[in-house]
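K.L.:
Show me how the following folds:
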Amino acid sequence: MATGSADQELWERLRVGDHFALGELFDRYADDVRAFAFRRTASWSTADDVVQATFLSTWRRFQGNPPGPLTGATARGWLLVVAGNECRALARTANRLRGLIDRLPPPLPHVDHAPDVARRLDDERRMSVIRRAVAQLPRHERETLELVVWSGLTIVEAADALGVPAGTVKARLHRTRRRFPDLLSRVDLTEELT
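P.N.:
Numbers count the residues shown, from 1 in each chain. Presented below is the predicted three-dimensional model:
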């Protein structure tokens with residue numbers, strides 16, 4: 001069967017919704033569309049995108065509002081016109097993207113985050129050791145330590161927050177210091193950890 005009459009048959013099958021006809025058309029003309037798109041775009045990856053868009057657009061056109069009978073000898077010319085439209089659409093999209101990128105503020109100067117990350121990791125490691133030691137305290141002593149030593153509340157403020165007399169807060173702090181004499185001296189617990 002000559003290519004022209006075969007294309008006429010595929011065209012008519014597409015007009016009635018035969019998706020296999022699109023596959024045959026693809027097999028027949030995908031390389032031509034790809035070469036056409038490469039010459040238009042100078043990019044093989046863009047040419048591959050154009051091939052996909054061309055045949056997808058063709059299928060959608062035949063599903064929504066099928067064109068009339070094939071007027072040319074083959075479907076090749078029609079597909080290349082669709083490919084040309086797809087090349088222009090991709091170029092417009094690329095231009096819009098470049099315009100958007102051009103409107104973005106300039107990037108900030110390069111900042112090395114490594115020292116900050118290392119400091120934060122060291123803080124987390126150190127705090128983990130401290131938390132394990134503090135977890136051995138009874139809850140009321142732990143809360144007192146957290147409020148007075150870590151958060152800097154006065155004895156009176158901590159007493160008010162905990163609903164206990166100031167003397168109780170002092171006694172709890174005294175017991176904590178006796179249990180962990182080296183904990184509070186080894187590590188500055190009032191240092192702000194971020």
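K.L.:
hey, let's count contacts and neighbours off CA atoms from now on
P.N.:
Will do.
K.L.:
Phi, psi for residue 17 please.
P.N.:
When read as degrees, to the nearest 10, the backbone of residue 17 gives phi 90, psi 20.
K.L.:
Tell me which residues touch it, please.
P.N.:
Residue 17 sits next to 62, 63 when contact means CA atoms under 8 Å, 6 or more residues apart in numbering.
K.L.:
Now do the residue in the chain sticking out farthest from the centre against residue 77, distance only.
P.N.:
The outermost residue of the chain relative to its centre, with distances by CA atoms, centre = their mean, is residue 167 at 54.8 Å. To residue 77, residue 167 is 95 Å away according to CA to CA, to the nearest Å.
K.L.:
what's the model's confidence in stretch 129-141, averaged?
P.N.:
In this model, stretch 129-141 has a mean pLDDT of 84.
K.L.:
Show me what it is in contact with.
P.N.:
Against stretch 129-141 from outside (CA under 8 Å, 6+ apart): 142, 172, 173, 176, 183.
K.L.:
tell me the pLDDT at the last one?
P.N.:
Read that as residue 183. Reported pLDDT for residue 183: 55.
K.L.:
domains of the chain?
P.N.:
3-103, 126-186 (automatic domain parsing).
K.L.:
can you redo the ones you listed as a markdown table with distance to residue 115?
P.N.:
What follows is the domains of the chain, written out as a markdown table (distance: least, CA to CA, whole Å):
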| stretch | distance to residue 115 |
| --- | --- |
| domain 3-103 | 30 |
| domain 126-186 | 16 |
